Structures are given as C-alpha cells and as structure tokens.
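[1] Have a look at this prediction, sequence included:
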Amino acid sequence: EAQVTQNPRYLITVTGKKLTVTCSQNMNHEYMSWYRQDPGLGLRQIYYSMNVEVTDKGDVPEGYKVSRKEKRNFPLILESPSPNQTSLYFCASSTGLSHQPQHFGDGTRLSIL
Amino acid sequence: AQKVTQAQTEISVVEKEDVTLDCVYETRDTTYYLFWYKQPPSGELVFLIRRNSFDEQNEISGRYSWNFQKSTSSFNFTITASQVVDSAVYFCALSTGANNLFFGTGTRLTVIP
C-alpha cells in the first residue's frame, strides 16, 4: 500500500530536549516536504527536498533541521525544541511535478512543555 | 508571492443543505495548480481535486462540485445535500513551480444532523 509513515504520532517532551520525527515513503517519490499546522494559520511549509541530498527552506524553517540521505526518508530534527514549536506536523511526498497532488502522512502532534 | 485566502473560518449547515466553500488565490505565475484537501476529525489530509490554470471547466464528482474562475481568481467548492460525514476542515491550496503547496487557513464545516 502506498503510504507516507510518520513516527511518532504523538510526543510530549520538554524544552531543549532534542527530538527527531521520522518520515518514510514507499512510492519512490523525488519530492518530500514538512509542514506544520496551527489554528488559524493553516499549513505552513518548514522544509522541502527535491531529491537526495537536496533540501531547501520553506516559509518557517527557524528551529528545524532536515536531512535527505536516502530517497525514502526525510526526518525532521528539532535540536532544541521550544514551546512555540508545539504543533501538528505533516510530512508529504510527491513525484515533484507541480500538477501532482502531495501524499500526506497521518501527522505528528508535538507538545513542548 | 503566492497566497490563498479562505475567508470563511467556520460554517455550520443542517444536513441535506447545500454549502459552498470559498477560495481566492493570488499568483503572478501563468501556470499553476489548485487543490482541495479534506481533513476529517481523525486528522489526516485527504486529496479531493486538482485543477490546472488552463482548464476552467467545472467539475462534478457525486455530491461535490468545483467552480474555477480565473477572472475572479477563485476556486470554490460546493457540497450538495450535505451529510454528517462531510464535517471536516477543508483546505484550498496553490502550487506553482517546484510543487510547493501554499495553503489557505482552512474552513471548518460542521453538518448538523
């Protein structure tokens, strides 16, 4: 089954404790992206990757890191999480062509205390 | 710059009523794609439809229909004979160039039985 898998689905942690949210897709997609969803703001792009070893900033990259060492994986790293990073996070993938819809993971709800 | 506006934050209708969700977009690109996604209470994002900038034909899929008008930069979504299962947050999104999606802030639809 074609899917984008995020882990964990839920995480409560404390300020400053490094965390990684993993994202994996099994569709051989070139393009992967991370979004955060906040009430009243919709989804905003954090980082995206057009291919292996190619990453770029989205609209809200501050406080986040990503890497794309393999085509299928695109982890999101919070080196020193802060409460303003409490949010619902989505990973997405697509072929990279702008007319193709993005496939989204089920989301990761992060709470930073 | 790309921008998507969904002016309706929340809408409530009684079951079997028709409802239209508005979406207005801004872009200077001549080639672009518009999408609608549904986010049910379970939280995942479900792709509903894509429309490209060269195709202004309206589309109907069952109880769903979409009206794309370049003259007013709008891509509105109508649900006919609404059902409780239609209760969700609906996002309109715009894609240009590198497959990066720009989302509106979403419209929460509540269908009252």
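    That came in fine, so what should we check first? Being a predicted model, the structure only gives us computed values, none of them experimental.

[2] Within its sheet, name the partner strands of the strand or helix carrying residue A:33 and how each one runs.
    Counting by DSSP states H and E, the element that carries residue A:33 is strand A:31-38. Paired with strand A:31-38 in the same sheet, following DSSP bridges, are strand A:42-51 (antiparallel), strand A:87-94 (antiparallel).

[3] what's the closest non-adjacent residue to the residue most central in space within chain A?
    Residue closest to the mean C-alpha point of chain A, counted by Cα atoms, centre = their mean, is residue A:34 at 3.0 Å. Take residue A:34 and drop its neighbours on the chain: the residue closest to it by Cβ to Cβ, 6 or more residues apart in numbering or on different chains is residue A:46, 4.3 Å away. Where you see a C-beta, it was placed from the backbone N, CA and C, and this is true even at glycine.

[4] For that neighbour, give its distance to residue A:58.
    Residue A:46 sits at a distance of 5 Å from residue A:58 (criterion: Cβ to Cβ, to the nearest Å).

[5] ok, for residue B:1, nearest residue in space, not its chain neighbours?
    In space, residue B:1 is closest to residue B:26, 7.4 Å off (Cβ to Cβ, 6+ apart).

[6] Near chain B, which residues of chain A are found?
    When proximity is defined as Cβ under 8 Å from any Cβ of the partner chain, chain A approaches chain B at A:31, A:33, A:35, A:40-45, A:48, A:50, A:58, A:88, A:90, A:92, A:94, A:96-104, A:106-107.

[7] Quick one: the strands in chain B, in order.
    Along chain B, counting by DSSP state E, strands occupy B:3-5, B:10-14, B:19-21, B:24-26, B:33-39, B:46-52, B:59-61, B:64-69, B:74-79, B:88-96, B:100-103, B:107-112.

[8] Any chance of a markdown table for these, columns mean neighbour count and mean pLDDT?
    Shown next, in a markdown table, are those (neighbours: other Cβ atoms under 10 Å in any protein chain shown; pLDDT from 0 to 100):
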| stretch | mean neighbour count | mean pLDDT |
| --- | --- | --- |
| strand B:3-5 | 16 | 95 |
| strand B:10-14 | 13 | 97 |
| strand B:19-21 | 18 | 97 |
| strand B:24-26 | 16 | 97 |
| strand B:33-39 | 21 | 94 |
| strand B:46-52 | 16 | 90 |
| strand B:59-61 | 11 | 84 |
| strand B:64-69 | 17 | 93 |
| strand B:74-79 | 19 | 96 |
| strand B:88-96 | 23 | 94 |
| strand B:100-103 | 22 | 88 |
| strand B:107-112 | 17 | 97 |
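
[9] wait, which of the ones you listed is closest to residue A:9?
    Judged by Cβ to Cβ, the one of those that comes nearest to residue A:9 is strand B:33-39, at 15.4 Å.

[10] Report the angle between the closest one and strand B:46-52.
    On the basis of axes from the mean of the first three to the mean of the last three Cα atoms, to 10 degrees, strand B:33-39 is oriented at 170 degrees to strand B:46-52.

[11] Can you list the neighbours in contact with strand B:33-39?
    With Cβ atoms under 8 Å, 6 or more residues apart in numbering or on different chains as the contact definition, strand B:33-39 has outside contacts at A:98-99, A:101, A:104, B:23, B:25, B:45-53, B:66, B:68, B:75, B:77, B:88-96, B:101, B:106.

[12] mind listing what's buried in stretch A:95-107?
    By 16 or more other Cβ atoms under 10 Å in any protein chain shown, the buried positions in stretch A:95-107 come out as A:95, A:96, A:98, A:100, A:101, A:102, A:103, A:104, A:105, A:106, A:107.
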